[in-house]
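Participant: Sequence below, structure please.
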Amino acid sequence: WLDTDQTVENTNPILLDAAGEADIFLNGLYRIVVKDRFGFVVYDVEKTGTHTEWDASFLVDGDENQHDINKKTIRFFKSMNELLLSKPKKNGQLVTLFAYHDGGQRGGSDLIAIQSSILIENGVTVFRSKVVGFEDYFWVRVNISHITPEMAGAIGDKVYNCRDAFQKCFNIGGDIKLNPNSKYLAHATDLVTHRDTYILKCTKPISITCAGKASVYFKHDVVTGSPRSIIFEGVSENLASLKMEGVDWYGHETEGHANKVNRAWGIGLFGVDNYSIKRCKFSTFQGHCPDITRRKFSNNGDWIQSSDLNQANTSEAINRLMQLSSKNGIIKNIQIRHAGSTGLAFFGADQVSVDGVDADMTGAAYEHSVWTDDASSETALKDYALNRGISIKNVKGGNIDLAGCTTATVTGCNVSKITVRAYDFDQQKNNFD
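Facilitator: Sure, this is the predicted structure:
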């Protein structure tokens, strides 16, 4: 145009004056080609000019404009991926996520955009923006009282692999709730050996509960041997607490003895203080499950052996082992089915109450529904008792095998037999009520 009001069109081409100038007014985006007097191109520029859009502040609604209204309006997103690909409008923006997966119904919550250089994404409650140029923005869940595997992307249909989602939850710890009637599959596809490996691991105080009943199925691709399903482990100090209630755990994706290949080993508690296991089922595991022990992994991944202890003083070595015990436990109303070897096992437990074990040990290598053992893995200490204060009540099925106990009480049980194997403990016989 020749004028700002855009009433007179310019010529095309436009001839510049002696100073190389002309009045040119643009509206929109143009391609401009500049040539010299001989027709040679000086430069050629695409998409120059202006692209006019209406600002939301021009739209007025009562005493407010649309720009201010947009700042306060909570946006809704159908999936986590849609949210992470959406540019945050401002620090402190609130949004509502309907579900983690598009078309799903779980894993949603309110989130707030936080610009930060210190936040770390955990994949459950904190997520980094995927928008280029906004990588320092994080979406943080708000107004939540607990976490769920669905918040990390799990789908409880026994098909979707939820291993990564569960591990992200275990890395955080705290209160984890499973949705009733959900069937979660945890499939380890990266394990090549069973030795000192596991499908899931937790070192944080944790509560895993379901108001009704949920199921977790373990699967692995190791050809020979069985990696552990879950390790709850104290690292420098004993893990402070574990609560497990209303969850059925399976060492194979199909229940029953017909599927003995690729079973996972049992759930292990390694140096866990203040643990409670109630209303749970343990089925189709290759080894003892649940496995309550004092032993834990050392820095190089091996079991703690007698060589790690001061053998010059036996009492000191015993006390050191007892420091690694799992202490103060309650196990109530659990089921054991299709065990590969034994059921509930203790290898260094200090003060534990067992009340209500319903076990069917048919087909198991050993028919022990409850088993306590000595320090047989520490050769120099194999004749010493390392289980203290074991109370066993209302066990149905299998047999009870007791060894390495200083004190044990067994009442109200309906089992095939009870075996007591007594060892010296500082030259004293085991004491049984």
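
Participant: Could you use CA atoms for every contact and neighbour count after this?
Facilitator: Fine.

Participant: Any buried residues in the helix or strand harbouring residue 160, and which?
Facilitator: Residue 160 belongs to strand 157-161 when assigned by DSSP states H and E. Residues 158, 161 are the ones in strand 157-161 that count as buried (16 or more other C-alpha atoms under 10 Å).

Participant: next structured bit after that strand?
Facilitator: helix 163-172.

Participant: just to revisit the earlier point, just the C-alphas of the strand holding residue 160, formatted as CSV.
Facilitator: Taking Å, rounded to 0.1, in the frame of the first residue of the first chain, the C-alpha atoms of strand 157-161 are listed here in CSV:
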residue,chain,number,x,y,z
ASP,A,157,-5.1,-55.0,32.8
LYS,A,158,-2.4,-57.8,33.2
VAL,A,159,-1.2,-56.9,29.7
TYR,A,160,0.5,-53.5,30.0
ASN,A,161,4.0,-53.8,31.6
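
Participant: and the closest residue to residue 143 other than its chain neighbours, how many neighbours does it have?
Facilitator: Spatial nearest neighbour of residue 143, chain neighbours left out: residue 110 (6.9 Å); criterion: C-alpha to C-alpha, 6 or more residues apart in numbering. Look at residue 110: counted by other C-alpha atoms under 10 Å, it has 18 neighbours.

Participant: ditto for residue 225
Facilitator: Number of residues near residue 225 (other C-alpha under 10 Å) recorded here: 16.

Participant: What distance do you get for the residue lying closest to it once chain neighbours are set aside to residue 284?
Facilitator: Spatial nearest neighbour of residue 225, excluding adjacent residues (C-alpha to C-alpha, 6+ apart): residue 194 at 5.3 Å. Counting by C-alpha to C-alpha, to the nearest Å, the separation of residue 194 from residue 284 is 17 Å.

Participant: Please say which of those two ends up with more neighbours.
Facilitator: Using other C-alpha under 10 Å as the criterion, residue 194 and residue 284 rank with residue 284 on top: 30 against 18.

Participant: my guess is the more buried one contacts residue 262, does it?
Facilitator: No: under the criterion of C-alpha atoms under 8 Å, residue 284 makes no contact with residue 262, lying 10.4 Å away.

Participant: Bridged to residue 185, which residues?
Facilitator: residue 161, residue 217 (DSSP bridges).

Participant: List the residues that contact it.
Facilitator: By C-alpha atoms under 8 Å, 6 or more residues apart in numbering, the contact set of residue 185 is 156-163, 216-219, 253.

Participant: quick check, nearest of these to residue 341?
Facilitator: Residue 341 has its nearest neighbour among the contacts of residue 185 in residue 218, at 17.4 Å by C-alpha to C-alpha.

Participant: I'd like to check which residues are in contact with that closest one.
Facilitator: Shown in contact with residue 218 (C-alpha under 8 Å, 6+ apart): 185-187, 199, 229, 250-253, 263-264.

Participant: Would you mind measuring from the residue nearest to residue 143 to residue 49?
Facilitator: Residue 110 sits 41 Å away from residue 49, going by C-alpha to C-alpha.

Participant: what's around residue 255, how many residues?
Facilitator: Neighbour tally, residue 255, other C-alpha under 10 Å: 16.

Participant: next one: residue 85
Facilitator: By other C-alpha under 10 Å, the residues close to residue 85 number 12.

Participant: Touching, it and residue 128? I think so.
Facilitator: No: taking contacts as C-alpha under 8 Å, residue 85 lies outside contact range of residue 128: 10.0 Å.

Participant: Pull the contacting residues for the closest residue to residue 192 other than its chain neighbours.
Facilitator: Nearest non-adjacent residue to residue 192, counting by C-alpha to C-alpha, 6+ apart: residue 222, 5.4 Å away. Going by C-alpha under 8 Å, 6+ apart, residue 222 touches 191-194, 262.

Participant: Name the nearest of the residues you listed relative to residue 273.
Facilitator: Using C-alpha to C-alpha, these come closest to residue 273 at residue 194, 26.6 Å.

Participant: Please list all residues in contact with the closest one.
Facilitator: Residue 194 touches 222, 224-228, counting by C-alpha under 8 Å, 6+ apart.

Participant: Make TSV out of those residues and add distance to residue 367.
Facilitator: Putting the contacts of residue 194 into TSV (distance: C-alpha to C-alpha, whole Å) gives the following:
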residue	distance to residue 367
222	26
224	24
225	21
226	20
227	22
228	21
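
Participant: now for the residues you listed, which pair is the farthest apart?
Facilitator: 224 and 228 (13.0 Å).

Participant: Who has more neighbours out of the two?
Facilitator: Neighbours per residue (other C-alpha under 10 Å) separate residue 224 from residue 228, with residue 228 holding more: 26 against 12.

Participant: can you give me the strands for the stretch 301-433 of the chain?
Facilitator: Using DSSP state E, counting those that start in this stretch, the strands of the stretch 301-433 of the chain run over 326-337, 344-347, 349-360, 368-372, 388-396, 399-403, 407-411, 418-421, 431-432.

Participant: Turn the ones you listed into TSV, including mean pLDDT.
Facilitator: Listed next are the strands of the stretch 301-433 of the chain as TSV, based on pLDDT from 0 to 100:
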stretch	mean pLDDT
strand 326-337	93
strand 344-347	90
strand 349-360	94
strand 368-372	92
strand 388-396	94
strand 399-403	90
strand 407-411	91
strand 418-421	84
strand 431-432	44
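
Participant: Export these to a markdown table and append columns for mean neighbour count and distance to residue 268.
Facilitator: Below are the strands of the stretch 301-433 of the chain laid out as a markdown table (neighbours: other C-alpha atoms under 10 Å; distance: least, C-alpha to C-alpha, whole Å):
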| stretch | mean neighbour count | distance to residue 268 |
| --- | --- | --- |
| strand 326-337 | 22 | 11 |
| strand 344-347 | 26 | 10 |
| strand 349-360 | 22 | 12 |
| strand 368-372 | 26 | 14 |
| strand 388-396 | 19 | 18 |
| strand 399-403 | 22 | 19 |
| strand 407-411 | 16 | 22 |
| strand 418-421 | 14 | 24 |
| strand 431-432 | 12 | 26 |
